[in-house]
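Visitor: return atomic coordinates for the entry below.
(one chain, ligands or ions: 2)
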Amino acid sequence: MTERSVLETPLTIGRMTARGRLFKSATSETRASTDGYVTDELLQFYEPIIEANTPMIVTGNLFVSAQGKSAGRQAGIDADDKIPGLRDWTALTRGRDVKLVAQLNHGGRQIGTPAAGVDRIVSASDVREPMLGTKPSPLRSDEIPMVVESFAAAAERAREAGFHGVQIHAAHGYLLNQFLTPHTNRRTDTYGGSLENRARLLLEVLTSVRSRLGDDYPILIKLNGTDDLPFRAGATTEELLRVAMWLQDEGADAIEISRGHYESWPSTIQGRYKGFFRASLTVGSGRDMPSARKAVGRAVGPILEYVAERLRPPVEGFNLPYAQLFTHALDIPVICVGGFHTRRGMEAAIDSGKTDAVAAARAMIANPHLYRTVLQETSDTPICGYCNSCIARHGGMPIDCYSDEIRYTRDQMLGRYRRESIAPPNVGNQ
Ligand SMILES: Cc1cc2nc3c(=O)[nH]c(=O)nc-3n(C[C@H](O)[C@H](O)[C@H](O)COP(=O)(O)O)c2cc1C
Ligand code: SF4
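Guide: Numbering: from 1, shown residues only. Ligands and ions are numbered 1, 2, ... in the order given. Have a look, this model is predicted:
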């Protein structure tokens with residue numbers, strides 16, 4: 001028997017209790033139908049993560065409106081006729097103490113190819129997105145209530161479909177982050193300028209979602225600890241801390257700390273980058289770009305990859321310095337994501353008091369049984385190499401680990417588990 005781990009200690013998030021402190025962070029799946037309906041292929045990705053009794057699982061970002069759909073085969077929560085498919089998703093947790101949280105998002109200017117019928121990419125201001133080349137048009141002030149309503153309606157659908165909570169995505173340079181960040185928000189109305197104004201949209205979204213769902217329903221927020229936009233006017237950590245305190249005052253139940261915009265992509269996914277641009281431009285979100293843009297991407301990509309590898313190498317807990325500041329400033333739980341994959345690293349992060357819980361994205365793509373195997377200290381488990389092949393293919397190919405060796409180890413491990421029933425269904429829930 002291994003010693004009881006802090007990762008098995010329950011964490012209360014609003015009125016919900018997660019029975020452990022290692023969560024799955026959001027990973028956009030590229031496994032829905034082209035118009036965003038849940039498919040068997042999407043459910044299959046989640047089955048082993050649920051089977052491992054992962055205490056809380058955040059879905060990939062779900063678009064709240066067609067205008068906010070950011071990637072190919074992204075799942076949506078923008079219409080009532082999607083609820084039955086979403087219910088199939090939440091049904092996977094039936095009989096298990098696993099919390100499934102729907103991440104709600106509007107892509108803003110970070111949209112490669114707009115969804116069918118969408119003729120306009122919007123943002124806070126008309127600042128071009130350099131990775132994708134999109135030039136958005138500013139949301140008119142009379143359009144903003146519709147954006148707020150799309151989040152509130154999506155949150156209601158999430159509850160109706162049986163999700164245990166929602167997470168509002170205000171990180172990674174998507175629409176709500178675009179409003180927070182001075183570089184992308186050059187507005188002169190009540191949604192731009194001062195921090196209070198730049199945070200207005202996010203706070204209106206939270207207030208609206210809260211009033212629609214009532215006090216009992218868990219609402220989490222994903223927020224950057226830093227925008228990491230050198231030489232551009234990113235939101236500062238000090239500003240983001242103030243925003244987090246306002247979110248707490250307005251009824252947010254937990255904050256997950258991440259970082260970066262698409263413009264500062266290595267920041268979000270610290271790791272290795274060799275071949276990132278080639279893969280993205282051939283089979284990922286970049287495959288539909290105009291050929292001249294692709295040619296530029298292929299030419300400068302290797303240089304950017306080389307620089308990124310030196311500046312943002314894989315480090316376990318790479319967002320902890322930021323999470324620590326939020327943990328000290330807030331009373332609500334803080335979750336830190338970024339590079340977590342070892343029991344020691346995760347336990348040390350929580351034991352140090354720098355975060356209340358940890359979340360993993362890539363390590364759980366490589367090893368969907370991460371929660372179980374970390375607790376049981378199982379050997380022969382797949383370990384993510386942070387090569388970023390999965391995210392490079394995002395938007396074009398289904399989410400998966402694209403390292404043959406790691407995938408082989410994973411399939412062997414899952415096969416062994418199922419054959420031998422190594423663990424009873426409630427392992428980690430003693
Ligand atoms: C394939 C892939 C898809 C992702 N999709 C999302 C997403 O939909 N929403 C989100 O907030 N973050 C998304 N992320 C970022 C992760 O949630 C996480 O913040 C980041 O990968 C750092 O965590 P890690 O080091 O554990 O991977 C994605 C990451 C990967 C690798
Ligand atoms: S492709 Fe596999 S090894 Fe590479 S980052 Fe993704 S999950 Fe990790």
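Visitor: Gln167: which element?
Guide: Assigned by DSSP states H and E, Gln167 belongs to strand 165-170.
Visitor: what about the following helix or strand past that strand and ligand 1, any contact?
Guide: Note on strand 165-170: by DSSP H and E, the next helix or strand toward the C-terminus is helix 175-180. No - counting by Cβ under 6 Å from any ligand atom, no contacts exist between helix 175-180 and ligand 1, the nearest distance being 10.3 Å. To be clear about C-beta, it is placed using only N, CA and C from the backbone, and glycine gets the same treatment.
Visitor: output helix 175-180 as PDB, nothing but the C-alphas.
Guide: Extracted in PDB, the C-alpha atoms of helix 175-180 (Å, rounded to 0.1, in the frame of the first residue of the first chain):
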ATOM      1  CA  LEU A 175     -12.600  37.100 -26.200                       C
ATOM      2  CA  LEU A 176     -12.900  37.800 -22.500                       C
ATOM      3  CA  ASN A 177      -9.100  38.000 -22.200                       C
ATOM      4  CA  GLN A 178      -9.000  40.300 -25.300                       C
ATOM      5  CA  PHE A 179     -11.200  42.700 -23.400                       C
ATOM      6  CA  LEU A 180      -8.900  42.500 -20.300                       C
END
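Visitor: what helices or strands is the very next helix or strand once past it leaning on?
Guide: As assigned by DSSP H and E, the chain's next helix or strand after helix 175-180 is helix 195-198. When contacts are defined as 3 or more Cβ pairs under 8 Å, 6 or more residues apart in numbering; DSSP states H and E, helix 195-198 packs onto helix 237-249.
Visitor: in the helix it packs on, what's buried?
Guide: Going by neighbour count (16 or more other Cβ atoms under 10 Å), the buried part of helix 237-249 is Thr237, Glu239, Leu240, Leu241, Arg242, Val243, Ala244, Met245, Leu247, Gln248.
Visitor: residue contacts, the first one?
Guide: For Thr237, the residues meeting the contact criterion (Cβ atoms under 8 Å, 6 or more residues apart in numbering) are Gly225, Thr226, Tyr322, Leu325.
Visitor: which one of these is nearest to ligand 1?
Guide: Nearest to ligand 1 among the contacts of Thr237: Gly225, at 11.1 Å, using Cβ to the nearest ligand atom.
Visitor: surely the closest one and Phe326 touch.
Guide: Yes - the criterion here is Cβ atoms under 8 Å, and Gly225 meets it with Phe326 at 6.8 Å.
Visitor: secondary structure class of the residue of the stretch 201-350 of the chain found nearest ligand 2, three-state.
Guide: Of all residues in the stretch 201-350 of the chain, the one sitting closest to ligand 2 is Gly271 (6.2 Å; Cβ to the nearest ligand atom). Of the three states, Gly271 takes coil under DSSP: H, G, I helix; E, B strand; the rest coil.
Visitor: against Ser264, how distant is Val311?
Guide: For the record, residue 311 is Leu, not Val. 10 Å (Cβ to Cβ, to the nearest Å).
Visitor: neighbour count: these two, which is higher?
Guide: Neighbours were counted for Leu311 and for Ser264 using other Cβ atoms under 10 Å; Ser264 has more, 22 against 10.
Visitor: neighbours of the residue lying closest to the more buried one once chain neighbours are set aside, how many?
Guide: Nearest residue to Ser264 in three dimensions, chain neighbours excluded: Asp228, at 4.4 Å (Cβ to Cβ, 6 or more residues apart in numbering). By other Cβ under 10 Å, 20 other residues sit near Asp228.
Visitor: just checking, Asp228 touches Ser267?
Guide: Yes - using Cβ under 8 Å, Asp228 makes contact with Ser267 at a distance of 4.0 Å.
Visitor: mind checking how far Ala152 is from Val64?
Guide: Using Cβ to Cβ, Ala152 is found at 9 Å from Val64.
Visitor: more neighbours: these two, which one.
Guide: Neighbour count, other Cβ under 10 Å: between Ala152 and Val64, Val64 has more, with 29 against 22.
Visitor: for Met61, list the residues it contacts.
Guide: Just so we're on the same page, residue 61 is Asn rather than Met. If you count contacts by Cβ under 8 Å, 6+ apart, Asn61 has them with Ala26, Ser28, Ser70, Gln74, Gln103, Leu104, Asn105, His169, Tyr174.
Visitor: give me the subset of those that also touch ligand 1.
Guide: Filtering the contacts of Asn61 for proximity to ligand 1 (criterion: Cβ under 6 Å from any ligand atom) leaves Ala26, Ser28, Gln103, His169.
Visitor: those residues: which two are farthest apart?
Guide: Using Cβ to Cβ, these span at most 10.3 Å, a distance reached by Ser28 and His169.
Visitor: so these two - more neighbours on which side?
Guide: Comparing Ser28 with His169 by other Cβ under 10 Å, the one with more neighbours is His169, at 28 against 25.
Visitor: which residues does the more buried one bridge with?
Guide: Beta bridges link His169 to Lys222, judged by DSSP bridges.
Visitor: check contacts around it.
Guide: Ala26, Asn61, Gln103, Leu104, Asn105, Leu176, Lys222.
Visitor: may I ask which of these has the most neighbours?
Guide: Among those, Asn105 has the most neighbours (other Cβ under 10 Å), with 31 neighbours.
Visitor: test my guess that that residue contacts Phe63.
Guide: Yes - between Asn105 and Phe63 a contact is recorded at 6.3 Å, counting by Cβ under 8 Å.
Visitor: give the residues shared as contacts by the two.
Guide: By Cβ under 8 Å, 6+ apart, the residues touching both Asn105 and Phe63 are Ser70.
Visitor: leaving out sequence neighbours, find the closest residue to Phe163.
Guide: Ala102 (4.3 Å).
Visitor: phi, psi for the one you found please.
Guide: Backbone torsions of Ala102, given as degrees, to the nearest 10, read phi -90, psi 120.
Visitor: what number of residues lie near Asp400?
Guide: Asp400 has 17 neighbours, counted by other Cβ under 10 Å.
Visitor: which ones are touching it?
Guide: Counting by Cβ under 8 Å, 6+ apart, Asp400 has contacts Phe45, Ile365, Cys390, Arg407.
Visitor: helix, strand or coil: sort out it for me.
Guide: Asp400 - assigned by three-state DSSP - is coil.
Visitor: hang on, the earlier thing: which one of the contacts of His169 sits closest to Asn53?
Guide: Within the contacts of His169, proximity to Asn53 (Cβ to Cβ) peaks at Ala26, which comes in at 19.1 Å.
Visitor: centre of the chain to stretch 334-342, how far?
Guide: 12 Å (Cα atoms, centre = their mean, to the nearest Å).
Visitor: isn't there a strand covering Gly72?
Guide: No - applying three-state DSSP, one finds Gly72 to be coil, outside a strand.
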